[in-house]
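**Student:** build me a model from this:
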Amino acid sequence: MYELYSKELLIDRIKELEEQVEHLRISRRVLMNLIEKIEKEKKLLLSSLEKENKRLQQNNLKYANWLWNKNRKIIELESRIQQEK
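**Tutor:** Below is the predicted model:
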């Protein structure tokens, strides 16, 4: 198939293909670096969201306990009022 091409043309084509391969290698490295960066950012975001979730759950628990205690106190006061009547 390549018998009809001159040696110089084939050498030029080989060089062209080698350059393309090098560009692909560089592109691959760039993409891999971007993927690594995105993965690190994703881990940081996930960690941050997990901390925030834990903090919110603790705040909710404190608020639920506070409401429970206030409700218990209201019931006790209502009970006293009923007993005094």
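
**Student:** the chain: strands as residue ranges?
**Tutor:** In the chain, no strands are found when defined by DSSP state E.

**Student:** find the residue at the geometric middle of it.
**Tutor:** residue 42 (2.7 Å; Cα atoms, centre = their mean).

**Student:** could you measure from that residue over to residue 48?
**Tutor:** 11 Å (Cβ to Cβ, to the nearest Å). Yep, even glycine has a C-beta here, placed from its N, CA and C like the rest.

**Student:** same check, this time on residue 62
**Tutor:** Distance from residue 62 to residue 48, counting by Cβ to Cβ: 21 Å.

**Student:** pull the contacting residues for residue 32.
**Tutor:** By Cβ atoms under 8 Å, 6 or more residues apart in numbering, the contact list for residue 32 is empty.

**Student:** average model confidence for stretch 16-34?
**Tutor:** If you average the pLDDT over stretch 16-34, you get 97.

**Student:** before we move on, what about stretch 51-62?
**Tutor:** Stretch 51-62 comes out with an average pLDDT of 98.

**Student:** before we move on, what about stretch 69-85?
**Tutor:** Mean predicted confidence for stretch 69-85 is 94.

**Student:** send me it as CSV with only the CA atoms.
**Tutor:** Listed next in CSV are the C-alpha coordinates belonging to stretch 69-85 (Å, rounded to 0.1, in the frame of the first residue of the first chain):
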residue,chain,number,x,y,z
ASN,A,69,-38.3,19.8,78.6
LYS,A,70,-40.4,22.9,78.0
ASN,A,71,-43.4,20.7,77.1
ARG,A,72,-42.9,18.7,80.3
LYS,A,73,-42.8,21.9,82.3
ILE,A,74,-46.0,23.1,80.7
ILE,A,75,-47.7,19.8,81.5
GLU,A,76,-46.5,20.0,85.1
LEU,A,77,-47.8,23.6,85.5
GLU,A,78,-51.1,22.7,83.9
SER,A,79,-51.3,19.7,86.3
ARG,A,80,-50.7,22.0,89.3
ILE,A,81,-53.4,24.4,88.1
GLN,A,82,-55.9,21.6,87.7
GLN,A,83,-55.0,20.3,91.2
GLU,A,84,-55.5,23.8,92.7
LYS,A,85,-59.0,24.1,91.3
